[in-house]
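In: Quick check, what structure comes out for this input:
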Amino acid sequence: MRHLFATVFFLLAGTALAQSTGPAATKLYAVVFEATVNSAGKIDTLKVSKVIDPSSGTTDAVKVAVPQGYVAAARAFLSKRTYPTDPKQFFTYTFYDPSQPTRADFDPKADRQE
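Out: I've put the predicted structure just below:
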């Protein structure tokens with residue numbers, strides 16, 4: 001069920017990203033992380049599972065290097081909240097802009113005009 005939800009989400013996010021226009025449009029990728037939490041519900045481990053291009057309409061992995069600085073930024077961003085401790089392992093994602101490799105708090109919907 002989670003994979004279905006993730007697939008639908010990424011397809012919708014990809015459509016939204018593909019529809020956004022503008023001369024300064026930035027290529028955003030989604031970095032999917034495998035995470036575990038401790039007994040307090042805080043991120044314990046965070047490992048890159050794959051990188052996808054949401055605008056492709058698929059969840060196929062793409063070859064994009066994710067710098068360690070971005071992983072650290074993603075850990076800081078994801079650590080702002082507490083997660084349920086069951087399951088201890090789960091998958092989550094953040095958006096990645098290669099031109100800003102130490103920022104993991106992108107919201108692609110924030111730039112859209114409705």
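In: any chance you could map the strands in this protein?
Out: 29-37, 43-52, 89-96 (DSSP state E).
In: among those strands, which is the most enclosed?
Out: Mean neighbours per residue, mean count of other Cβ atoms under 10 Å, is largest over these for strand 29-37, with a mean of 19. The C-beta positions use only the backbone N, C-alpha and C, and glycine is treated the same way.
In: so what strands line up beside that one?
Out: The pairing partners recorded for strand 29-37 under DSSP bridges are strand 43-52 (antiparallel), strand 89-96 (antiparallel).
In: from the chain's centre, how far out does that strand sit?
Out: Relative to its chain's centre, strand 29-37 lies at 7 Å (Cα atoms, centre = their mean, to the nearest Å).
In: Need the residues that contact that strand.
Out: The contact list for strand 29-37 (Cβ atoms under 8 Å, 6 or more residues apart in numbering) reads 6, 10, 13, 43-54, 62, 64, 66, 70, 74, 78, 83-85, 88-98.
In: got a list of what the residue minimising distance to the centre of the chain touches?
Out: Most central residue of the chain, judged by C-alpha distance to the mean C-alpha position with Cα atoms, centre = their mean, is Thr94 at 2.1 Å. Counting by Cβ under 8 Å, 6+ apart, Thr94 touches Ala30, Val31, Phe33, Ala74, Phe77, Leu78, Ala104, Asp105, Phe106.
In: could the strands paired with strand 29-37 go into a markdown table alongside mean pLDDT and distance to Thr58?
Out: Below are these laid out as a markdown table (pLDDT from 0 to 100; distance: least, Cβ to Cβ, whole Å):
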| stretch | mean pLDDT | distance to Thr58 |
| --- | --- | --- |
| strand 43-52 | 96 | 7 |
| strand 89-96 | 95 | 15 |
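In: Need the ones you listed in CSV (columns: distance to Ala110).
Out: Formatted as CSV, the strands paired with strand 29-37 follow (distance: least, Cβ to Cβ, whole Å):
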stretch, distance to Ala110
strand 43-52, 20
strand 89-96, 11
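In: Done for today, thanks.
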